[in-house]
Every structure is written in structure tokens, then in C-alpha cells.
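> give the three-dimensional model of this entry:
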Amino acid sequence: MELKEFIKTAITDITEAVSELQNELKNGTIVNPSLVQGEHGKSLVVDNEVRMMERLNFDIAVTATEATELNGNAKAGISVFGAKVGAENKERTENVSRLTFSLPLLLPATHVKTPQELLREKRLQSNA
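As a prediction, the model looks like this:
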């Protein structure tokens with residue numbers, strides 16, 4: 001798998017899982033609630049809600065491979081670490097490197113009503 005595809009797939013899978021959990025859990029659990037005010041750590045205001053910034057840490061083994069077939073053709077490539085087993089007529093050189101990095105990200109958030117919002121709704125219902 002190419003490194004670019006690995007990173008895109010990881011972020012897509014994580015954010016979709018959070019979003020699905022927000023929709024599926026009906027037991028009082030709130031996954032990644034928006035905040036009334038910031039907590040310790042880094043936060044951003046998005047659509048008038050405080051959202052905690054998460055850091056997605058990657059520690060990836062990347063292989064750089066060069067293979068020379070018996071007919072003299074050479075191939076090279078870089079991919080996220082993976083192994084293939086099989087008999088081939090190739091001479092192969094591999095270099096494995098590690099990439100460690102972190103990406104900031106805001107996960108999908110669930111709006112949690114503040115006491116003021118609940119009170120306002122109650123007043124509107126009693127006036128109706």
C-alpha cells in the first residue's frame with residue numbers, strides 16, 4: 001500500500017467510525033462532545049462551539065525496494081511496510097525506514113445542549 005493511501009484510509013476510517021458511533025449509540029454515551037468552554041489542551045471554536053483538537057500519531061515502517069529481474073529489468077518503489085512470499089527470479093534490495101509524525105485533527109463532534117439552551121427550550125414549550 002502506498003503511504004498516501006495508508007494515511008488517507010486511516011483518517012477516513014477513524015472519522016467515519018466516530019461519526020457512526022455518534023449515530024448508533026443510544027445508551028447515553030456521547031462520543032467527542034462539543035464543549036461549552038475549553039479544557040486543558042488545544043481547542044478551536046468552530047460554528048460557535050469549542051472543539052478539542054486531537055493529534056493523530058503515526059509511526060510507520062516504510063520500505064524502499066529495488067528489484068532486478070534476471071532479464072535485466074529494474075523496478076523500484078516505496079510503500080508502507082508489507083511482505084510478499086513467493087518464488088521469483090529476482091535479486092532484491094530493501095531498505096526499511098521509520099516515519100514518525102503527528103497530524104492535528106478535529107473529530108466529528110456531537111452537540112451537547114447547555115443548561116441555558118435546555119432552559120430556553122423549556123420556556124418555549126411552556127409558552128406554546
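> neighbours around Ala109, how many?
21 (other Cβ atoms under 10 Å). Heads up, the C-betas are built off the backbone N, CA and C, glycines and all.
> give the contact list for it.
By Cβ atoms under 8 Å, 6 or more residues apart in numbering, the contact set of Ala109 is 32-34, 46, 49, 51.
> number of nearby residues for the nearest residue to it once chain neighbours are set aside?
Closest residue to Ala109 apart from its sequence neighbours, by Cβ to Cβ, 6 or more residues apart in numbering: Ser34 at 4.4 Å. The local packing of Ser34 (other Cβ under 10 Å) involves 19 other residues.
> what does Glu94 give?
Glu94, neighbours per other Cβ under 10 Å, totals 11.
> who does it bridge with?
Thr65 (DSSP bridges).
> right, and it touches Val62 too?
No - look at Glu94 against Val62 with Cβ atoms under 8 Å: they stay out of range, at 10.6 Å.
> so where do the helices sit in this structure?
3-24, 115-127 (DSSP state H).
> can I get the CA coordinates of the first one in CSV?
Extracted C-alpha coordinates of helix 3-24, given in CSV (Å, rounded to 0.1, in the frame of the first residue of the first chain):
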residue,chain,number,x,y,z
LEU,A,3,2.0,5.8,2.1
LYS,A,4,-0.5,8.3,0.8
GLU,A,5,-3.3,5.8,0.6
PHE,A,6,-2.5,4.4,4.1
ILE,A,7,-2.7,7.9,5.7
LYS,A,8,-6.0,8.7,3.8
THR,A,9,-7.5,5.4,4.7
ALA,A,10,-6.5,5.7,8.4
ILE,A,11,-8.0,9.1,8.8
THR,A,12,-11.2,8.3,6.8
ASP,A,13,-11.7,5.1,8.8
ILE,A,14,-11.2,6.8,12.2
THR,A,15,-13.5,9.8,11.4
GLU,A,16,-16.2,7.6,9.9
ALA,A,17,-16.0,5.3,13.0
VAL,A,18,-16.5,8.3,15.3
SER,A,19,-19.4,9.6,13.2
GLU,A,20,-21.1,6.1,13.1
LEU,A,21,-20.7,5.7,16.9
GLN,A,22,-22.4,9.1,17.4
ASN,A,23,-25.4,7.9,15.4
GLU,A,24,-25.5,4.3,16.7
